[in-house]
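>>> Any chance you can model this:
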Amino acid sequence: MTTARAQQISLAATPYYHCVSRCVRRAFLCGETFEHRRGWVEDKLLTLADTFFIDVAAYAVMSNHYHVVLHIDAEQAQQQDHLAIIERWHRLFKGNSLSQRCLQGDNLDSAELNRLSEIVELWRQRLTDISWFMRLINEGIARAANLEDGCTGRFWEGRFKSQALLDEKALLACMAYVDLNPIRAKMAKTPERSHHTAIKKRIAKAQRASSPNHPQQQTQQLLRFAGNPRETMPTGVPCRLTDYLELVDWTGRIIKANKRGQIPASTSPILQRLNIDASDWLTMAQQFEGRFGHLVGPIQSLKRACHLLHYQRTVGASNCSRLLH
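The predicted model follows:
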């Protein structure tokens, strides 16, 4: 039985989620003669991320599906006043008469203000909701594609897949899995040549930066790398950008050559810092979706998430225990 989305997402467990949406019948509706639609998906994804309180950590738009790793910034959403929430919502929808009057500077009576406050809180919640985020991406692309094809009907499968990433290891493994999707599919030979991916944007920006690890010199369209974990940690991927790029490059080479073995300490020190075995890392980077269910993390984080989501058993314990120890 399919698990309800509300029972898969808990911000108390993690703000990071891997989502996958596939075309109906997994047909190449964004590939072959429809390559331009991959650009549609990428543009829509990044535009919506600028409106929602959701950051994009990684993405890869393929010919018949797309992957995205998302970070929900609930703290930022709570810090915004009513006017800021209304302005963001109006980028997506017309709102209602009360919100339109508020933006115009009209005076509202107490009953109208109370009603508007209730509506704004609903909008605030939706602007941190992955289901709303994915819905708006998919609906917009489906309408544009059906108009181009002169047809009606479903473009995407009815339900996107989501996986909660419960710790740093799961997050980085999933990001590498997503960033290397075009390499595994033989759509690109190197990450910097993979079109419609986050890794290409990150590399292009890093090549122009004097200090690529500095958050202000990283691309502003994506969740930034905040550096190695420390006591006062800003929002961002808990890793240095250069370490991550080196890790992705190493992983891509190993996958391409179909090799196994130990990683030299001088090549990817991040694996040693995270206490990840090289062979386990390769398994995750190649088979992330297949190996894990909708909760991914070490066994203690997994048990905590299952408790928060009121599960009766610890789902996915076997692979998480073996690969994310």
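>>> now could you export just the CA positions of stretch 172-187 as CSV?
Provided in CSV are the C-alpha atoms of stretch 172-187 (Å, rounded to 0.1, in the frame of the first residue of the first chain):
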residue,chain,number,x,y,z
LEU,A,172,26.2,13.6,0.1
ALA,A,173,25.7,10.1,-1.3
CYS,A,174,22.3,11.1,-2.8
MET,A,175,23.7,14.3,-4.2
ALA,A,176,26.5,12.4,-5.9
TYR,A,177,24.0,9.8,-7.2
VAL,A,178,21.9,12.6,-8.7
ASP,A,179,24.8,14.6,-10.1
LEU,A,180,26.2,11.4,-11.8
ASN,A,181,23.0,10.3,-13.4
PRO,A,182,23.9,11.6,-16.9
ILE,A,183,27.3,9.9,-16.6
ARG,A,184,25.7,6.5,-15.8
ALA,A,185,23.1,7.0,-18.6
LYS,A,186,26.0,7.8,-21.1
MET,A,187,24.5,11.2,-21.8
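>>> If you average the pLDDT over that stretch, what comes out?
Confidence for stretch 172-187, expressed as mean pLDDT, is 92.
>>> Likewise for stretch 195-215?
Looking at stretch 195-215 alone, the average pLDDT works out to 91.
>>> Check what contacts that stretch and list those residues.
Contacts with stretch 195-215, where a contact means C-beta atoms under 8 Å, 6 or more residues apart in numbering, come from 38-39, 41-42, 56-61, 178-179, 181-182, 187-188, 191-194, 217-219, 221-222, 224-227, 234, 236, 240-242, 245, 248. To be clear about C-beta, it is placed using only N, CA and C from the backbone, and glycine gets the same treatment.
>>> and residue 185, what does it touch?
residue 62.
>>> and it, how far is that from residue 26?
As judged by C-beta to C-beta, to the nearest Å, residue 185 and residue 26 stand 13 Å apart.
>>> do the same with residue 186
Using C-beta to C-beta, we find residue 186 at a distance of 17 Å from residue 26.
>>> ok, those two, which is more surrounded?
When neighbours are counted by other C-beta atoms under 10 Å, residue 26 comes out ahead of the other of residue 186 and residue 26, with 11 against 8.
>>> For that one, give its distance to residue 191.
Between residue 26 and residue 191 the computed distance is 24 Å (C-beta to C-beta).
>>> what helix or strand is residue 244 on?
Assigned by DSSP states H and E, residue 244 belongs to helix 241-257.
>>> Output that helix as PDB, restricted to C-alpha atoms.
These are the backbone C-alpha positions of helix 241-257, laid out as PDB (Å, rounded to 0.1, in the frame of the first residue of the first chain):
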ATOM      1  CA  LEU A 241      32.500  22.600  -2.400                       C
ATOM      2  CA  THR A 242      36.000  21.600  -3.600                       C
ATOM      3  CA  ASP A 243      35.900  18.400  -1.500                       C
ATOM      4  CA  TYR A 244      32.500  17.500  -3.000                       C
ATOM      5  CA  LEU A 245      33.600  18.200  -6.600                       C
ATOM      6  CA  GLU A 246      36.600  16.000  -6.000                       C
ATOM      7  CA  LEU A 247      34.400  13.300  -4.500                       C
ATOM      8  CA  VAL A 248      32.000  13.300  -7.500                       C
ATOM      9  CA  ASP A 249      34.900  13.300  -9.900                       C
ATOM     10  CA  TRP A 250      36.500  10.300  -8.200                       C
ATOM     11  CA  THR A 251      33.200   8.400  -8.000                       C
ATOM     12  CA  GLY A 252      32.400   9.100 -11.600                       C
ATOM     13  CA  ARG A 253      35.800   7.700 -12.700                       C
ATOM     14  CA  ILE A 254      35.300   4.500 -10.600                       C
ATOM     15  CA  ILE A 255      31.800   3.900 -11.900                       C
ATOM     16  CA  LYS A 256      32.900   4.500 -15.500                       C
ATOM     17  CA  ALA A 257      35.800   2.100 -15.200                       C
END
